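**Q** Predicted model, plus sequence, below.
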Amino acid sequence: MKRAIIIIFLFALLLPAYSQKTNKQTADKQTEVRIMDAGADFTKFSITKKNENTAIILMTYLDSTKTVSIKTQNELTNDEIELSKLQKLGRNQWLLCNTIKTKSPNLIIKGLNPQTDYYLNIYTKNKEDYSLSKIIAFNTLAPIPVRQASQISIIEATDKSITLKWVNGTGIGRIVIMRKGAEPNKPENGKIYTASPTFGDAVAKIGESQVVYDGNEANAKITVGNLQAGKYFFQVFEYNGEGKYRAYNTDKASNNPRSKSTMLPAPKILAIENITSNSCEIQWTKVSGAVTYVLDVATDKGFMEKIELYNELDVGDLDGYAIVDLSPNTKYYVRLRAVGDGTQSNFSNSFDFETKGE
């Protein structure tokens, strides 16, 4: 009697551990399905931890029925399935399989309707019926626009802004993405982005880039402001669909993408000092991004009568320069322009002075 009690006690201790192990083995055998890619008429899945005794039913509506009975045998042996060839179980219900035999880790379902919500119900066989283990919701996208936007034109570039326009493609709308120093990041299908023409606005960030426009105007023109000195890249992406159905054309086209450098700020002349009968010294503020400065000296305010020696003279990366070989008792006008790598500034305001007599 005492021995029997001990055996029963040990069995009671071991039973929970055995039950947990059995449940874990059952969970480990469940088929795992994950969405990899989607288009207007297809969706690609990855299938791991395959359990042969798995049923997969495709639906266009949410059905969380816990148990289903499937009488027919339908083996999944191919990694590509056409919706039209699947067995229909009911209104907008298709049986993909109730046994998985495919060796490929991927499954592609083709022939789906664009911009449509679908549900993939995964069932595990339980004696005579199948028990629901997971529901995967997904959707197809809108068709990708056939023709990409093209011919990005730069209307104006200043030291703080760039204005551009382009020729629309065949999408219902388009976004413009901008990045400093490199080609922009590409948009992801199924995502909507906030746009802002103020560069550096965090709400419009996409990777290392920024969305500066999202719209469908026939002849759009945008000005992006708050720029620092440098080279900026623009790319226009046509799209169809809204919300989670949006599909972008990410191809390149003629003059799309396009790059443009901002102009440098104009240097400011601070003073003209040490004026003599034939020389003087000019001082100015240096400009960030400039590698040299160009100096003009003329005897008229319109700079039509430039001194030959100082006709757009490259004086180097300085903040002061001695002007020599001037004539006595003569009024002169000077101006400066900053030059950078692939860019330059407008001329500064002119500054006048008069040499002394001999």
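**A** Right, received. Where do you want to start? Residues are numbered from 1 along each chain as shown.
**Q** now the helices for this protein?
**A** 2-28 (DSSP state H).
**Q** so what are the domain limits for the protein?
**A** 30-139, 150-261, 269-354 (automatic domain parsing).
**Q** tell me the most buried of the ones you listed?
**A** domain 150-261 (a mean of 18; mean count of other Cβ atoms under 10 Å). (C-beta placed from N, C-alpha, C; glycine too.)
**Q** quick revisit: now the domains of the chain in JSON lines, with mean pLDDT?
**A** Conversion of the domains of the chain to JSON lines gives the following (pLDDT from 0 to 100):
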{"stretch": "domain 30-139", "mean pLDDT": "90"}
{"stretch": "domain 150-261", "mean pLDDT": "97"}
{"stretch": "domain 269-354", "mean pLDDT": "96"}
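**Q** what residues are up against residue 254?
**A** Shown in contact with residue 254 (Cβ atoms under 8 Å, 6 or more residues apart in numbering): 150, 151.
**Q** what are the phi and psi angles of it?
**A** Dihedral angles of residue 254 (phi, psi; degrees, to the nearest 10) stand at phi -60, psi 120.
**Q** where does it sit relative to residue 108, distance-wise?
**A** 33 Å (Cβ to Cβ, to the nearest Å).
**Q** Repeat that for residue 230.
**A** Distance from residue 230 to residue 108, by Cβ to Cβ: 44 Å.
**Q** got it, and residue 304?
**A** Relative to residue 108, and taking Cβ to Cβ, residue 304 is found at 72 Å.
**Q** Skip the chain neighbours and tell me the closest residue to residue 342.
**A** Once flanking residues are discounted, residue 342 sits nearest to residue 261: 5.0 Å by Cβ to Cβ, 6 or more residues apart in numbering.
**Q** Correct me if wrong: that neighbour contacts residue 157.
**A** Yes - using Cβ atoms under 8 Å, residue 261 is in contact with residue 157, at 7.2 Å.
**Q** got the contact list for the residue nearest to residue 342?
**A** Here residue 261 is in contact with 157, 230, 231, 232, 340, 341, 342, 343 (criterion: Cβ under 8 Å, 6+ apart).
**Q** Now for residue 89: which residues touch it?
**A** Counted by Cβ under 8 Å, 6+ apart, residue 89 has contacts 57, 95.
**Q** and with 10 Å instead?
**A** 57, 58, 59, 68, 70, 72, 95 (Cβ atoms under 10 Å, 6 or more residues apart in numbering).
**Q** Need the max-distance pair from these.
**A** Using Cβ to Cβ, the two most remote members of the contacts of residue 89 are 59 and 72, lying 17.3 Å apart.
**Q** the strands in the stretch 201-350 of the chain, which residues?
**A** Counting by DSSP state E, counting those that start in this stretch, the stretch 201-350 of the chain has strands at residues 205-206, 209-215, 221-224, 231-240, 247-248, 258-261, 269-273, 280-284, 290-298, 313-316, 320-323, 331-340, 343-344.
**Q** For the third one, which outside residues touch it?
**A** Residues from elsewhere that reach strand 221-224, judged by Cβ under 10 Å, 6+ apart: 153, 155-156, 158, 160-166, 176, 178, 195-199, 210, 212-213, 215, 232, 234.
**Q** Filter these down to just the ones in strands.
**A** With DSSP state E as the criterion, strands contain 153, 155-156, 162-166, 176, 178, 210, 212-213, 215, 232, 234 from among these.
**Q** Residue 79 is in contact with residue 106, correct?
**A** Yes - contact criterion Cβ atoms under 10 Å: residue 106 and residue 79 qualify, at 5.6 Å.
**Q** anything in contact with each of these two?
**A** With Cβ under 10 Å, 6+ apart as the test, residue 106 and residue 79 both reach 44, 45, 47.
**Q** want to try a markdown table for those residues, with distance to residue 124 as columns?
**A** Shown next, in a markdown table, are these (distance: Cβ to Cβ, whole Å):
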| residue | distance to residue 124 |
| --- | --- |
| 44 | 23 |
| 45 | 17 |
| 47 | 14 |
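**Q** now, among the residues you listed, which is nearest to residue 289?
**A** For the shared contacts of residue 106 and residue 79, the nearest to residue 289 is residue 44 (46.8 Å; Cβ to Cβ).
**Q** isn't the closest one right up against residue 112?
**A** No - counting by Cβ under 10 Å, residue 44 stays clear of residue 112, with 11.3 Å between them.
**Q** what sits in contact with each of those two?
**A** The contact lists of residue 44 and residue 112 share residue 38, where a contact means Cβ under 10 Å, 6+ apart.
**Q** before we move on, back to that, out of the contacts of residue 89, list just those in strands.
**A** Per DSSP E, the contacts of residue 89 map to strands at 57, 58, 59, 68, 95.
**Q** okay but the third one is in contact with residue 120, surely?
**A** Looking back up the chat, that one is residue 59. Yes - here residue 59 reaches residue 120: they are 8.0 Å apart, a contact under Cβ under 10 Å.
**Q** Can you work out which residues contact both of these two?
**A** residue 135.
**Q** ok, which stretches of the stretch 1-150 of the chain are strands?
**A** Under DSSP E, counting those that start in this stretch, the stretch 1-150 of the chain gives strands at 32-38, 42-48, 54-59, 67-68, 75-76, 80-82, 87-90, 93-97, 99-100, 106-110, 117-126, 129-139, 150-157.
**Q** Any idea which of the ones you listed gets closest to residue 273?
**A** Nearest of these (Cβ to Cβ): strand 150-157, 34.2 Å.
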